[in-house]
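[1] coords below, sequence missing:
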């Protein structure tokens, strides 16, 4: 069968999700076409340029919907990733095969006003966490057609972990540094500014604390300016975008996800699979992924003092760091495999294709 994956311009979690899902679907003999503004490299998948902007535009969205109708000729299913792609698919509804939409994040204010209509045009909605499911329902979507399918990661990458000391040496991290790593797109909702302010509080008690921020994005200049104003030059390192996050995760004592909003958080799953405890904001799907006191700690979002307190607690207790890291790895291996995610997505696909009406399953 042929499926069309539709995506707006995206970096980070959504893009990686679409790539991994498409790779696995191709291996399972699906014909995959990715309709997106930017190339997502997947062997044996077809890429079709789609002028789908990150922000709403009536003229551009209508044009994209028309283009999508032509692209979908001969396909059995359309999979829209995110609310923007869902919106454009809804505009083209009636001339498309059955549409599945994945809600990767908590809906923004812009998405909320149209979400009920968009969700009702879709045969099914996949939510990456229970928190996302409840937020979509709160916008008026039919709970009976929403499936919770958590993100999965390629656990084979984490089967053999690099030695922590070797990873630190390769990245120029001193043996005695207490190292905090945070990975993600440098955007306001990811809360890196709160992490910088927490680093300033920690530095006075722990001069050997080092914070490494891995990733890039629209907020990078502002965050670098804030770091300079807080006089964190010797404490904070901006590593930029990297090809492989595993050495950075393995070099950490603790990984931080200080997000203000998060659907689930693939970087957190990768940190757990790498055997690292996670200190995360108690928002969205992070509350489901991080088990407080077992695989890490949850903190109040946007609260540098609470974040600093949690980091201090784990960094001062090597036994807790080891125990939480081990528990995090077990949880990731048991619950967040790529195969389990693709199995669940395929079940939704098959139900949507085989049923003449809307899929039903809930969560």
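    That came in fine, so what should we check first? Owing to the predicted nature of the structure, the values given are computational and were not obtained by experimental measurement.

[2] mind listing what's buried in the lowest-mean-pLDDT helix or strand in the chain?
    Least confident helix or strand of the chain, by mean pLDDT, DSSP states H and E, is helix 109-121 with a mean of 87. Burial within helix 109-121, assessed by neighbour count using 16 or more other CB atoms under 10 Å, is assigned to 111, 112, 114, 115, 116, 118, 119, 121. C-beta: built from backbone N, CA, C; applies to glycine.

[3] Next, work out how far apart the second one and residue 135 are.
    Spelled out, that is residue 112. 9 Å (CB to CB, to the nearest Å).

[4] Same check on the last one?
    Taking CB to CB as the measure, residue 121 falls 18 Å from residue 135.

[5] Pull the distance from the least confident helix or strand of the chain to the chain's centre.
    Centroid displacement of helix 109-121 relative to its chain, using CA atoms, centre = their mean, to the nearest Å, is 21 Å.

[6] Who are the packing partners of that helix?
    Contacts defined by 3 or more CB pairs under 8 Å, 6 or more residues apart in numbering; DSSP states H and E place helix 109-121 against helix 83-91, strand 99-103.

[7] Take those and lay them out in a markdown table including mean pLDDT.
    Shown next, in a markdown table, are the helices and strands packed on helix 109-121 (pLDDT from 0 to 100):
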| stretch | mean pLDDT |
| --- | --- |
| helix 83-91 | 93 |
| strand 99-103 | 95 |
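
[8] ranking these by burial, who's on top?
    strand 99-103 (a mean of 28; mean count of other CB atoms under 10 Å).

[9] Which neighbours in the sheet does that one have, and how are they oriented?
    Pairing partners of strand 99-103, with direction, according to DSSP bridges: strand 77-81 (parallel), strand 124-127 (parallel).

[10] which one of those lies closest to residue 173?
    strand 77-81 (35.3 Å; CB to CB).

[11] Would you indicate which residues of that closest one are buried?
    Under 16+ other CB under 10 Å, the buried positions of strand 77-81 are 77, 78, 79, 80, 81.

[12] Give me the residues contacting the least confident helix or strand of the chain.
    With CB atoms under 8 Å, 6 or more residues apart in numbering as the test, helix 109-121 has contacts from 56, 83, 86-87, 89-90, 93, 99, 101, 107, 125, 136, 139-142, 145-146.
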